[in-house]
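> Show me how the following folds:
(2 chains)
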Protein chains: 2
Amino acid sequence: MIAFDKETIKNLEYLNKINLVNSACGYKSANLIGTKSKAGISNLAIFSSVTHFGSEPAIYGFVLRPTTVRRNTYDNIKETGIFTLNPVFEEKISDAHHTSAKYADETSEFDKTSFTEEYKENWNAPFVKNAPLQIAMKFLEEVHIKANGTILILASVEKIHVRKEMVSEDYFINLSKGKIAAISGLDAYSVPEKISRFPYQRPKK
Amino acid sequence: MIAFDKETIKNLEYLNKINLVNSACGYKSANLIGTKSKAGISNLAIFSSVTHFGSEPAIYGFVLRPTTVRRNTYDNIKETGIFTLNPVFEEKISDAHHTSAKYADETSEFDKTSFTEEYKENWNAPFVKNAPLQIAMKFLEEVHIKANGTILILASVEKIHVRKEMVSEDYFINLSKGKIAAISGLDAYSVPEKISRFPYQRPKK
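Predicted coordinates for the structure are as follows:
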């Protein structure tokens, strides 16, 4: 084993530091967040911080860093109150990763990648066409984290669209059947092939 | 595609609902949190919500649900200010999942699984012996989420211990070299085998 203490981490060269700290906490979800500004410009951006916060009611959260230029997503959500979540899937990992490029505000990532906007049932935020899962989300609350000024966005799950063959009898969604990716670190993608489920655990006698 | 709207989700049978909502947001990190009470009772519990919040300084967060009985982790962190993060790895997935069983407060999960406590350098929270990664964490801040009463715990990374062969030249930790697992839903584990890294993206001309 090798060890990196706080002082060593702090003094690492910037890219090394963010590689180390971003990869040590484990696999992360890979989601494309679709939004549209009031002026009608659509936006698509990749996030690895979408996290489950509750099922009754269904709430997810994700983290925005104030220091990055990824403000379109935040501004559009604050303007319209809505967004979409679309998982990164194997066929489109390269395009999904490209949404991390810093385009000008008036540029839509849908015009710079092979992704196509899809609108459903008057939901005025773009879904990613052909994504195996598409989730309509509504803004609930933002939390400013004192420790580092990041913003946690909490939002309610309004509607889940999912390929029928991915849904098990007990409503578990098998992500591997949709070839959905996980992220590690800043730039690494995996598509897990095998999923093993375990029974509910009770204390041993 | 099939669709589940908010009302449909709300009215699902409880287990179906938590399966659906927990699996739709994508792959999640799989970490064992090690703590010790002031009275000296160790605790080990599995969490799928550990998320990266920042690298300068290095901060991770995780979510606690007030309605579950997983309070030992919270109480111990509030008493001592420290904990450890240890990823779930392939060989021990079954034992890791067993830490979700609801044992009495005076029972240590280390006594009910094959995991062994390891103490390093006067850090008075137990690491999981032989885990490919072991992280010493210090409590920073707790945030109460208005939307559903969950608690977000923010903590600073104090020291990262990691197997040397997992660390790339640019300090990216290759989780697949440690056979580290990801979680989906409540009870499903994957061990991604292949990791593909992509270059930093700049706007296309």
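> Next, the buried residues of the lowest-mean-pLDDT helix or strand in chain A.
Least confident element among the helices and strands of chain A, by mean pLDDT, DSSP states H and E: helix A:71-80 (a mean of 93). Buried residues in helix A:71-80, counted by 16 or more other CB atoms under 10 Å in any protein chain shown: A:72-74, A:76-77, A:80. Using the backbone N, CA and C atoms, a C-beta is placed for each residue, glycine as well.
> okay, those residues in a markdown table with distance to chain B next?
Listed next are these as a markdown table, based on distance: CB to the nearest CB, whole Å:
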| residue | distance to chain B |
| --- | --- |
| A:N72 | 13 |
| A:T73 | 16 |
| A:Y74 | 16 |
| A:N76 | 19 |
| A:I77 | 15 |
| A:T80 | 18 |
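> just the helices in chain A please.
All helices of chain A, identified by DSSP state H, fall at A:6-10, A:14-24, A:71-80, A:93-98.
> Distance to A:N43 added to those helices, as JSON lines?
Converted to JSON lines, these look like this (distance: least, CB to CB, whole Å):
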{"stretch": "helix A:6-10", "distance to A:N43": "33"}
{"stretch": "helix A:14-24", "distance to A:N43": "23"}
{"stretch": "helix A:71-80", "distance to A:N43": "4"}
{"stretch": "helix A:93-98", "distance to A:N43": "14"}
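> Look up the pLDDT of A:R70 for me, please.
If you check A:R70, the pLDDT there is 61.
> correct me, but A:K102 touches B:P203?
Yes - in this structure, A:K102 is within contact of B:P203 by CB atoms under 8 Å, at 6.5 Å.
> Hmm, A:A45 and A:S100 touching each other?
Yes - using CB under 8 Å, A:S100 makes contact with A:A45 at a distance of 7.4 Å.
> So for these two, which residue has more residues nearby?
A:A45 (23 against 19; other CB atoms under 10 Å in any protein chain shown).
> which ones are touching the more buried one?
A:32-33, A:70, A:72-73, A:99-100, A:109 (CB atoms under 8 Å, 6 or more residues apart in numbering or on different chains).
> Out of those, which is nearest to B:T51?
Nearest to B:T51 among the contacts of A:A45: A:I33, at 15.3 Å, using CB to CB.
> can you pull the contacts of the residue nearest to the spatial centre of chain A?
Centroid-nearest residue in chain A, with CA atoms, centre = their mean: A:N31, separated by 3.0 Å. Going by CB under 8 Å, 6+ apart, A:N31 touches A:46-48, A:50, A:62, A:85-88, B:25-26.
> Recalculate using a threshold of 7 Å.
When contacts are counted by CB atoms under 7 Å, 6 or more residues apart in numbering or on different chains, A:N31 touches A:47, A:50, A:85-88, B:26.
> next one: A:I180
A:87-89, A:132, B:26.
> Out of those residues, which comes closest to A:L186?
In terms of CB to CB, no member of these lies closer to A:L186 than A:V88, at 14.0 Å.
> my guess is the closest one contacts A:A30, does it?
Yes - contact criterion CB atoms under 7 Å: A:V88 and A:A30 qualify, at 3.8 Å.
> Could you save the contacts of A:A45 as a markdown table and add columns showing distance to A:D5?
Below are the contacts of A:A45 laid out as a markdown table (distance: CB to CB, whole Å):
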| residue | distance to A:D5 |
| --- | --- |
| A:L32 | 36 |
| A:I33 | 35 |
| A:R70 | 30 |
| A:N72 | 37 |
| A:T73 | 35 |
| A:T99 | 35 |
| A:S100 | 30 |
| A:E109 | 39 |
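> Tell me the one of those nearest chain B?
A:S100 (5.0 Å; CB to the nearest CB).
> Let me see the contact set for the closest residue to that closest one other than its chain neighbours.
Excluding the flanking residues, the one nearest A:S100 by CB to CB, 6 or more residues apart in numbering or on different chains is B:Q201, at 5.0 Å. By CB under 7 Å, 6+ apart, the contact list for B:Q201 reads A:97-98, A:100-101.
> who wins for most neighbours among the residues you listed?
A:H97 leads the contacts of B:Q201 on contacts (other CB under 10 Å) with 25 neighbours.
> list the contacts for that one?
Contacts of A:H97 (CB under 7 Å, 6+ apart): A:46, A:187, B:198, B:201.
> that older thread, what would the least confident helix or strand of chain A look like as CSV? C-alpha coordinates only.
Coordinates of each C-alpha in helix A:71-80 appear next as CSV, following Å, rounded to 0.1, in the frame of the first residue of the first chain:
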residue,chain,number,x,y,z
ARG,A,71,-23.3,27.3,-15.4
ASN,A,72,-25.8,26.8,-18.3
THR,A,73,-27.3,23.8,-16.6
TYR,A,74,-27.8,25.7,-13.3
ASP,A,75,-29.1,28.9,-15.0
ASN,A,76,-31.6,26.9,-17.1
ILE,A,77,-32.8,24.9,-14.2
LYS,A,78,-33.3,28.1,-12.1
GLU,A,79,-35.1,29.8,-15.1
THR,A,80,-37.4,26.9,-16.0
